[in-house]
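Undergrad: pasting the sequence and the predicted model now:
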There are 2 protein chains.
Amino acid sequence: MSKSIKDILIEMKNMSELMVDLAYSALLFNSKDAAEEVIKLENKINRLNYQIKRESLLAARTVEDAEKLTALLEVGEATETIADSAKDIADLVLKGIRPHPVFKMVIEEAEEMIKRVKIAEGSELADKSLGELLLATRTGMTVIAVRRNESWIYGPDKNTILAAGDTLIAKGNETGGILLEKLANNEITLEDLEYGEIIED
Amino acid sequence: MSKSIKDILIEMKNMSELMVDLAYSALLFNSKDAAEEVIKLENKINRLNYQIKRESLLAARTVEDAEKLTALLEVGEATETIADSAKDIADLVLKGIRPHPVFKMVIEEAEEMIKRVKIAEGSELADKSLGELLLATRTGMTVIAVRRNESWIYGPDKNTILAAGDTLIAKGNETGGILLEKLANNEITLEDLEYGEIIED
């Protein structure tokens, strides 16, 4: 049981950090893509908090147990509150609220943007590790999370192997985002990038 | 006025992301240092949200203004809620609650830890940029934030110049944390690191 609570906690940490990052990015870059990912994550975090409560109640046998497990419940509640707040921010973006000009100013000055791309069949990104792909070097884009159906890989590293159908959440500049999208859509190859003819494409 | 709201928003984004990261790290690594930094940040975010409200009210002249500025107020509130939740997590650490064994398991498996160090007078870290210091290469530690008195530098980059008296929040493994601390305390020099005699020290 401890094993499962531990996994849930680590997942809640990763998810809530990603949600806060994505929610503000959605707002600052007016990205409905990012906002939609926040909503998906919020649903998942609510289910995890339910699991935390259930497992904690099942695990408490003595007063001492109960005291220790109270901390877990409190962390679960705090995490759900963080997730709800991130969702509130994402909702502003999805409601299509006309943003105050201040948001536009932020966007113009920002060096980074968030890009969401889905790996198509036949894309060179599929079945390779991030270490092999060297996307940061080749496109300037850093993959911050990978969604595979309903599961997530947070902070993927060089050993993370991508697959067709994966949704990548990446940060970088606009040019890099275009390159990443073309790679994911199988419109260009890694070799094309070497010749630097893509931007003019 | 727009300028100042924009700056406040960007600072709230950075602060709340750092708070969530530090709060969970405080919990997982049982770090009172990290928990104390969360409390400092929470006080600051409350003051920023107050500024958001004041500036928004002053800026609203028409119904249209008011509608646009409502989004700002909502973002401010969501940010304060995130900060409060991070503080709730940090409070668990500061209360010295006896953690459930699950937290210990998390710590043992974690590859990363959080280290807080203060740069002493005479330390080689002072008056150099992170780009010159190459701390990630030399010690394996990544500086995620710098506190200078009451102000913060989030996501410092290679151009960030450190100063004596700065508090660094860094991530890395335990060995790297010890090296960073010794550098900050002026107990070793960068040259010492080259000879690899520090670990046995």
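TA: Noted; the coordinates are in hand. Values in this document were obtained by computation on a predicted structure and should not be read as measured data.

Undergrad: check contacts around the residue nearest the centre of chain A.
TA: Nearest residue to the geometric centre of chain A (Cα atoms, centre = their mean): A:A145, 4.3 Å. Residues counted as contacts of A:A145 (Cβ atoms under 8 Å, 6 or more residues apart in numbering or on different chains) are A:18, A:152-156, A:168-169. All C-beta spots, glycine's among them, are computed from the backbone N, C-alpha and C.

Undergrad: hmm, A:E124 is touching A:E187, no?
TA: No - A:E124 sits out of contact with A:E187 when judged by Cβ atoms under 8 Å, with a separation of 10.6 Å.

Undergrad: which SS state does A:L57 fall under?
TA: helix (DSSP: H, G, I helix; E, B strand; the rest coil).

Undergrad: how close does it sit to A:L72?
TA: Distance from A:L57 to A:L72, counting by Cβ to Cβ, to the nearest Å: 10 Å.

Undergrad: neighbour-wise, which of these two wins?
TA: Taking other Cβ atoms under 10 Å in any protein chain shown, A:L57 and A:L72 do not tie; A:L72 has more neighbours (22 against 11).

Undergrad: quick check: closest non-adjacent residue to the more buried one.
TA: A:S56 (5.2 Å; Cβ to Cβ, 6 or more residues apart in numbering or on different chains).

Undergrad: and for that neighbour, the neighbour number?
TA: Neighbours of A:S56 under the rule other Cβ under 10 Å: 22.

Undergrad: tell me what the biggest helix by length in chain A is packed against?
TA: Longest helix of chain A, by residue count under DSSP state H: helix A:63-94. The elements that helix A:63-94 packs onto, with contact taken as 3 or more Cβ pairs under 8 Å, 6 or more residues apart in numbering or on different chains; DSSP states H and E, are helix A:2-28, helix A:32-59, helix B:2-28, helix B:63-94.

Undergrad: what angle do that helix and helix A:32-59 make?
TA: 170 degrees (axes from the mean of the first three to the mean of the last three Cα atoms, to 10 degrees).

Undergrad: could you report the pLDDT at A:I169?
TA: A:I169 carries a pLDDT score of 90 in this model.

Undergrad: surely it is in a strand?
TA: Yes - membership of A:I169 in a strand is supported by three-state DSSP.

Undergrad: look up how far A:V63 lies from the residue nearest to it when sequence neighbours are not counted.
TA: Excluding the flanking residues, the one nearest A:I169 by Cβ to Cβ, 6+ apart is A:A145, at 4.4 Å. Distance, A:A145 to A:V63, by Cβ to Cβ: 40 Å.

Undergrad: need phi/psi at A:I144.
TA: phi -100, psi -20 (degrees, to the nearest 10).

Undergrad: please name the residues that touch it.
TA: A:I144 is in contact with A:18, A:21, A:154-155, A:169-171, counting by Cβ under 8 Å, 6+ apart.

Undergrad: what pLDDT does it get?
TA: Confidence score, pLDDT, at A:I144: 86.

Undergrad: cool, and A:G196?
TA: 56.

Undergrad: stretch A:32-50 close to chain B?
TA: No - shown here: stretch A:32-50 not in contact with chain B (Cβ under 8 Å from any Cβ of the partner chain), separated by at least 11.4 Å.

Undergrad: looking at chain A, which helix or strand does the model trust least?
TA: Lowest by mean pLDDT, DSSP states H and E among the helices and strands of chain A is helix A:101-109, with a mean of 61.

Undergrad: okay, buried residues for the longest helix of chain A please.
TA: For helix A:63-94, burial by neighbour count (16 or more other Cβ atoms under 10 Å in any protein chain shown) applies to A:68-69, A:71-72, A:74-93.

Undergrad: check stretch A:53-63 too.
TA: So for stretch A:53-63, counting by 16+ other Cβ under 10 Å, buried means A:55-56, A:59.

Undergrad: let's have these in a markdown table, adding pLDDT.
TA: Putting the buried residues of stretch A:53-63 into a markdown table (pLDDT from 0 to 100) gives the following:
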| residue | pLDDT |
| --- | --- |
| A:E55 | 83 |
| A:S56 | 83 |
| A:A59 | 80 |
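
Undergrad: which one among those gets closest to B:K118?
TA: A:S56 (37.9 Å; Cβ to Cβ).

Undergrad: which ones are touching that closest one?
TA: Going by Cβ under 8 Å, 6+ apart, A:S56 touches A:5, A:69, A:72-73, A:76.

Undergrad: that one and B:G76, how far apart?
TA: In terms of Cβ to Cβ, A:S56 sits 33 Å off from B:G76.

Undergrad: same question, A:A163
TA: Taken as Cβ to Cβ, the span from A:A163 to B:G76 is 40 Å.

Undergrad: quick one: contacts for the residue lying closest to A:E80 once chain neighbours are set aside?
TA: Sequence neighbours aside, A:N49 is the residue nearest to A:E80 in space, at 4.6 Å (criterion: Cβ to Cβ, 6+ apart). For A:N49, the residues meeting the contact criterion (Cβ under 8 Å, 6+ apart) are A:12, A:76-77, A:79-80.

Undergrad: do A:S129 as well
TA: Counting by Cβ under 8 Å, 6+ apart, A:S129 touches A:158-162.

Undergrad: which of these count as buried?
TA: Using 16+ other Cβ under 10 Å as the burial test, those include A:160-162 as buried.

Undergrad: pretty sure A:E80 contacts A:K44?
TA: No - assessed by Cβ under 8 Å, A:E80 is found out of contact with A:K44, at 11.1 Å.

Undergrad: quick revisit: in a markdown table, list the contacts of A:I144 along with neighbour count.
TA: A markdown table is the format used below for the contacts of A:I144 (neighbours: other Cβ atoms under 10 Å in any protein chain shown):
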| residue | neighbour count |
| --- | --- |
| A:L18 | 21 |
| A:D21 | 23 |
| A:Y154 | 15 |
| A:G155 | 12 |
| A:I169 | 24 |
| A:A170 | 24 |
| A:K171 | 19 |
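
Undergrad: ok, these vs B:L179, which is closest?
TA: A:G155 (23.4 Å).

Undergrad: and the gap between the closest one and A:L73?
TA: On the measure of Cβ to Cβ, A:G155 and A:L73 end up 26 Å apart.
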